[in-house]
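>>> model the following, please.
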Amino acid sequence: MGQLGEIKPRRVWSYFEEICQIPRLSKNEGRIREYLLNFAHKHNLEAREDSVGNILIIREAAVGKEKVKTVVLQSHLDMVGEKNASHPHNWETDPIIPEIDGKWITANGTTLGADDGIGIAAQMAVLTDPDLQCGKIECLFTVDEETGMTGAINLRPDFFTGRILLNLDSEDEGILFIGCAGGIDTQALLPYTPVKINEGHRAMNISVTGLHGGHSGDEIHKGYGNSIKIISRLLRDLEKKYGILLSNITGGNLRNAIPREAFATITFNPEKEEKILADTTAYSELVREEFGPLEPDLKVAATPAEVPQTVIDAQTQHRLLSALSIVPHGVLEWSREIPDLVETSSNLATIRITDDNMVQVVTTQRSSSEEAKHYAMTKAEASFDLAGAKVTHSDGYPGWKPNMNSAILRLMIESYRKLFGKVPQVKAIHAGLECGLILEKYKGIDMISFGPTIKGAHTPEERIEIETVQMFWDLLNDVLRHIPEEGS
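Numbering: from 1, shown residues only. You can find the predicted model right below:
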């Protein structure tokens, strides 16, 4: 047993520490799937796997609980792999090393994977807890939630039998979530012509680092800086004033994370070097002042670079930087029905230069309104249409409409009040959950989402509050013990 297994609830933390040893980035969940199937075999639990890798592990009802309604517990197997640029973590092979930091569990230089590793660990603890007297439990583990919700999209409508589902993928203890936004990705591919460097030109690397980043659903309203927006604003100004040419640009890593870092390589007439350096320093101070305490570690820097062989042709560069300036990012609309809920947003997520002379830009739109989601998508599309890019969209996923008459909601409110002496908040969330997709396949299923407190998800600052994991576990146990019988 590792150091986490000494923390209560021991069974949950022990499983979480084991999960941290297993690389499980999106679309590379093979090892965690194998781990879970071996776990099921070891504990003589029925398990099945579908064609896309979703896994269902079943705990039969306890003696005397055979008539109790079946409950589905659901989490996703994959995690977001974000790390600081200087951190030498290999996501294909290296384990995450969780650390105790006061009242939190965190990791050093990388995401922790509590989203949604703590949900997996709780399911495993339920499956093996000899003291839990409850009805039949079906534990559903889905794949590729973070990059496309592939598992939920391809879920068969007969894969499980329960009609009560507890989604264990929320990050705010004391809040029960009964609705979420839908989402869609918009990708732009802008072709360019490589042009040889002007003779005598020098090169410089421009970097934007130190930003908070964060989950593009949960934290889009907090005003954190977007590294791609920040760097493109500087590049466009340097283009206009000094005629700089762009050789490379990269920023962000994930469609559902606010980009934390961005980098570019420029070339320029040596006569302009001092002015470019001075303007970059002044710009760094300007944006630090603009973001203030929100981004205390923000840094914009310029350093000498090896002169590249080619740059992007000037016309395409101008159209690209213009598009990046106008493409929406941030909150577009607030809900008129639910206080303090973001209705619609867009995240300028990643930019890359591909091997076939393309600039690839990915943005993500979210909304609890299907019409607003598609309007936001159209805004992103129009920005890159004007630049001459080829724009495509993902299939997207639906939102989950709140149901205030939910029976499982009433049960959980009463259980929470009984356990903790207060009433939990009931909210919808702007982040995407798999619940909307599951509801499409399982019409009328009664669902709720909850979890312990996780901060900084999708960033190397991700951490989970120890005390709230015990509360999460106690609530889950109490609810499972009080699920009513069929027909009641």
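>>> strands of the stretch 351-488 of the chain, start to end?
For the stretch 351-488 of the chain, applying DSSP state E, counting those that start in this stretch gives strands covering 358-367, 390-393, 425-429, 446-449, 454-455, 463-465.
>>> could you say what helices and strands the fifth one packs with?
The reference is to strand 454-455. Where contact means 3 or more Cβ pairs under 8 Å, 6 or more residues apart in numbering; DSSP states H and E, strand 454-455 is packed against helix 114-128, strand 463-465. Where C-beta positions appear, they are placed from N, C-alpha and C, glycine not excepted.
>>> and the ones you listed: which comes nearest E295?
strand 463-465 (18.7 Å; Cβ to Cβ).
>>> what's the mean pLDDT across the closest one?
Here strand 463-465 scores 98 as its mean pLDDT.
>>> and stretch 479-488, how far apart are its ends?
16 Å (Cα to Cα, to the nearest Å).
>>> mind listing what's buried in it?
V479, L480, I483 (16 or more other Cβ atoms under 10 Å).
>>> kindly report the same for stretch 195-207.
Of the residues in stretch 195-207, those buried (16+ other Cβ under 10 Å) are I197, H201, R202, A203, M204, N205, I206, S207.
>>> what bits of this structure have low per-residue confidence?
Applying pLDDT under 70 to the chain picks out residues 1.
>>> now with 80, please.
Counting by pLDDT under 80, the chain contains low-confidence residues at 1-2, 5, 85, 337, 488.
>>> just the helices in it please.
In the chain, the segments counted as helices under DSSP state H are 10-20, 30-42, 114-128, 150-153, 227-242, 273-291, 314-326, 370-385, 407-420, 435-441, 466-481.
>>> now the angle from the fifth one to helix 314-326?
Per axes from the mean of the first three to the mean of the last three Cα atoms, to 10 degrees, the angle that helix 227-242 makes with helix 314-326 is 130 degrees.
>>> if you count contacts, what does helix 227-242 end up packed against?
With contacts defined as 3+ Cβ pairs under 8 Å, 6+ apart, the packing partners of helix 227-242 are strand 202-209, strand 245-251, strand 262-268, helix 273-291, strand 299-305, helix 314-326, strand 342-353.
>>> list the buried residues of the fourth one.
To tie it back to what came earlier, the one meant is helix 273-291. Quick answer for helix 273-291 (16+ other Cβ under 10 Å): I276, D279, T280, Y283, S284, V287, R288, F291.
>>> can you check stretch 457-470 too?
In stretch 457-470, counting by 16+ other Cβ under 10 Å, buried: 457-466, 468-470.
>>> stretch 471-478 now?
Result for stretch 471-478 [16+ other Cβ under 10 Å]: buried residues M471, F472, W473, L475, L476, N477, D478.
>>> and which of those is nearest to I228?
Closest approach to I228 among these (Cβ to Cβ): F472, at 35.1 Å.
>>> wait, that closest one sits on I454?
No. In this structure, F472 is not within contact of I454 by Cβ atoms under 8 Å, at 10.4 Å.
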